[in-house]
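Enquirer: with the input below, show me the fold.
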Amino acid sequence: MQRRALGSWVTVIALGLLPALPLALTAFGAAGCNKARAKQDTEALPAASGSSALASSSSAPAVPQIAGLPSGMAPRPAADSVLVGGREAPLSFAPIAKKADPSVVTITTVGEEQEPRGLFSHGRRRETRGLGTGFVISTDGTILTNNHVVEGADQVLVQLSNSHPYPAKILGRDAATDIAIVKIDSKEPLTALPLGDSDAAEVGDWVVAIGNPFGLSHTVSVGIVSAKGRTREDVPLDPSGYYDFIQTDASINPGNSGGPLLNLRGEVVGMNTAVRGGGAQGIGFAIPISMVQKLLPTLLRDGKITRSAMGVRIRDVRELSPEQKAQIRYTEDTGAVIEDVEPQGAAAKAGLKAGDVVVAFDNTPIENHKLLQWLASTAGVGKSVIVRVIRAGKPFDLTLVLGLLPERPRAQRRHVAPSDEEP
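Expert: I've put the predicted structure just below:
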């Protein structure tokens, strides 16, 4: 399904069962944007090839230990590589694909939706089916995928390579970041994919995507990291979501949603989530695995993310005009300027005011307002943090106790442009 919004076509490639991932994204499955139907487009696609190998060996760092994560997570592997200009270059992608493939799963979902009433319909309920991808992150059967793949599903089935489908239980999910965790009970320990460091990935690095585009299971495609830090302004999704996408030209299509994006060590650096379609080709987006790892312990423990908040409305300093910057006596291009302070909120109680520029949060420099939004929302309700502020040209620190960010109803979070078409 395609939706037209903001003057561009964006296709969400996830075949899951949820109501639309807003603004022109067709979630990789029967949802992302709206629940996909069993009938799928069978248009012929170019064959995807595959996988990654390297030659010469260097030891890889150990997998970081994060409290709250499953104990069966895979260690980070050593890489065999050839150095070209001081950088690793693949001889073949086959070894990476072969090693990772057993950990990549096909996710199918079954649910119901109500037909809209009209001249020839009576608003009856009908069955919907979705298709997506996931990957094993722990030997105990814990699997990572996109929220839009499983949201709204009454039944979730997971199929390993060369095995029958297993019923899966949803352990946790977060719509704002489009992350979900499901689990299956397997008699044998599963092979987990090691999670890498997406912050260390650089533009131009090779990446490998594995998934189930259009139901073509375990398809491998290869590309590079085309860009980093793509936000909801670049990929018009849920306007209340938190996005910091890796952009790649590795081929991604409907059904790839929730699949891994691997580096040359075979480590997951991203989870494939969306693609920009229409006239442009080769533009896919993956959630950085570092963002996922930040939320995994809470999702596994609580099944959801409870977000904290400062109680302010902010914008990038770089968006200000010279006159506006002069008005607040600020000359730099980094930081987040406070436009409004919520009465009785955390910021108001700490003494923050409109016109203040936040340049550091809990000792982390603030480059832009998106970073501040992410840090403040994931720090934790009730946590005391030190905020570095510039007011009228003078720097000082304030201590702020974060409050609770109220959850918005799904109907308000979604934005559907008038020109969007329903399937």
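Enquirer: mind checking how far the longest helix along the chain is from the chain centre?
Expert: Longest helix in the chain, counting residues (DSSP state H): helix 289-302. Centroid displacement of helix 289-302 relative to its chain, using C-alpha atoms, centre = their mean, to the nearest Å, is 12 Å.
Enquirer: what does stretch 347-364 give?
Expert: Taking C-alpha atoms, centre = their mean, one finds the center of stretch 347-364 at 28 Å from the center of the full chain.
Enquirer: may I see the buried residues of it?
Expert: For stretch 347-364, burial by neighbour count (16 or more other C-beta atoms under 10 Å) applies to 347-348, 350, 352, 355-361. Where you see a C-beta, it was placed from the backbone N, CA and C, and this is true even at glycine.
Enquirer: please produce a markdown table containing the residues you listed, extended by distance to residue 378 and pLDDT.
Expert: A markdown table is the format used below for the buried residues of stretch 347-364 (distance: C-beta to C-beta, whole Å; pLDDT from 0 to 100):
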| residue | distance to residue 378 | pLDDT |
| --- | --- | --- |
| 347 | 17 | 95 |
| 348 | 21 | 94 |
| 350 | 19 | 94 |
| 352 | 19 | 95 |
| 355 | 26 | 95 |
| 356 | 22 | 96 |
| 357 | 22 | 96 |
| 358 | 16 | 97 |
| 359 | 19 | 96 |
| 360 | 16 | 96 |
| 361 | 11 | 96 |
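Enquirer: from those, pick the one nearest residue 134.
Expert: Nearest to residue 134 among the buried residues of stretch 347-364, counting by C-beta to C-beta, is residue 361 at 33.0 Å.
Enquirer: residues contacting the closest one?
Expert: Residues counted as contacts of residue 361 (C-beta atoms under 8 Å, 6 or more residues apart in numbering) are 372, 375-376, 385, 387-388.
Enquirer: could you tell me which of these belong to strands?
Expert: Counting by DSSP state E, those place 385, 387-388 in strands.
Enquirer: rewinding a little: tell me which of the buried residues of stretch 347-364 fall in strands.
Expert: By the criterion of DSSP E, membership of the buried residues of stretch 347-364 in strands covers 357-361.
Enquirer: any of the ones in strands among the contacts of residue 361 buried? List them.
Expert: For the ones in strands among the contacts of residue 361, a neighbour count by 16+ other C-beta under 10 Å gives the buried set as 385, 387-388.
Enquirer: ramachandran angles for the residue nearest the centre of the chain?
Expert: The residue lying closest to the centre of the chain (C-alpha atoms, centre = their mean) is residue 287, at 3.2 Å. Per-residue torsions, residue 287: phi -70, psi 130 (degrees, to the nearest 10).
Enquirer: that one contacts residue 179, correct?
Expert: Yes. Counting by C-beta atoms under 8 Å, residue 287 touches residue 179, with 6.9 Å between them.
Enquirer: who touches the closest residue to residue 193 other than its chain neighbours in this structure?
Expert: Leaving aside its sequence neighbours, residue 193 sits nearest to residue 103 (C-beta to C-beta, 6 or more residues apart in numbering; 4.5 Å). Applying C-beta under 8 Å, 6+ apart to residue 103 gives the contacts 135-136, 190-193, 260.
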